[in-house]
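J.: can't give you the sequence, but here's the structure:
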């Protein structure tokens, strides 16, 4: 009888106790980290005295794991990609004592300009196959030739030549310490725009890595426009090429005639 009373009392207390949510052990959180970005300007104006510019990208991590923040397991890569177009690389060889273009290769839809900033060396952030698949980094951009039928060595040489020429012109740039965290979840990236940056719609990409794995990315458009005389000349060359050509010839004739008068010796 006493045993029955104890059992009944235990059952009554259990039924009266408040319900507690049960979470299975080892179940991962469904909250996904995110990324918000903004730029210091949405438009870059190219004037006659344009010597390049700096673009600042501000960002914030959302729903970040405090433990991963504390041990520095989050990395950010920010890129600025210019308009895409076909690019032809030519190889010169000496033929009968004269340097001539002997081979060429055209890559399809590659960025005309490319600037990168990251928290550290990107090859230390993620593995090469993953970087190749997402096309992040100068050495990992997809350089796909059009109608290519040659060998792999030849293709590698042309790809290296293309990257080398872009780096020499300043159109491709990288700064592996250009992204800095100003607080535990806020960061700032600095990108350099060269003086010869092409006009058009550029794209700012931000990639968030966690423990060496890409988990989120965002993008924003950035317009680069010519203003003033530069824009008028560009519009004339594209919209009225015949009149533009005639005007250039006339200017050359007038300039040459004027110079002959000034420097004429009597």
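T.: Yep, it's here. These numbers come from a predicted model, not from an experiment.
J.: please make it C-alpha for all contacts and neighbour counts, starting now.
T.: Noted.
J.: helix or strand: which one has the residue nearest the centre of the chain?
T.: In the chain, the residue lying closest to the centroid (Cα atoms, centre = their mean) is residue 79, at 2.5 Å. Element membership for residue 79, per DSSP states H and E: strand 74-81.
J.: and that strand, which strands flank it?
T.: Next to strand 74-81 in the sheet, as set by DSSP bridges, lie strand 114-118 (antiparallel), strand 200-210 (antiparallel).
J.: so which elements touch the next helix or strand after it?
T.: Sequence-wise, the next helix or strand downstream of strand 74-81 (DSSP H and E) is strand 84-95. Contact here means 3 or more Cα pairs under 8 Å, 6 or more residues apart in numbering; DSSP states H and E; on that basis strand 84-95 packs against strand 98-111, helix 152-169.
J.: which stretches of the stretch 51-200 of the chain have low pLDDT?
T.: The stretch 51-200 of the chain contains residues with pLDDT under 70 at 148-153.
J.: quick revisit: want to throw the helices and strands packed on strand 84-95 into TSV with distance to residue 33 and mean neighbour count?
T.: Output for these, formatted as TSV (distance: least, Cα to Cα, whole Å; neighbours: other Cα atoms under 10 Å):
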stretch	distance to residue 33	mean neighbour count
strand 98-111	29	15
helix 152-169	34	14
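J.: distance to residue 74 added to these, as a markdown table?
T.: A markdown table is the format used below for the helices and strands packed on strand 84-95 (distance: least, Cα to Cα, whole Å):
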| stretch | distance to residue 74 |
| --- | --- |
| strand 98-111 | 27 |
| helix 152-169 | 28 |
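J.: which one of these lies nearest to residue 179?
T.: Nearest of the helices and strands packed on strand 84-95 to residue 179, taken as Cα to Cα: helix 152-169 at 20.3 Å.
J.: what is the closest one packed up against?
T.: Short answer (3+ Cα pairs under 8 Å, 6+ apart): helix 152-169 packs on strand 84-95, strand 172-175.
J.: please point out which parts of the first one sit buried.
T.: The neighbour-count criterion (16 or more other Cα atoms under 10 Å) identifies residue 87 as the buried residues of strand 84-95.
J.: now it and strand 98-111, what's the angle there?
T.: With axes from the mean of the first three to the mean of the last three Cα atoms, to 10 degrees applied, the angle from strand 84-95 to strand 98-111 works out at 160 degrees.
J.: what does strand 84-95 contact?
T.: 99-112, 158, 161-162 (Cα atoms under 8 Å, 6 or more residues apart in numbering).
J.: lovely, talk soon.
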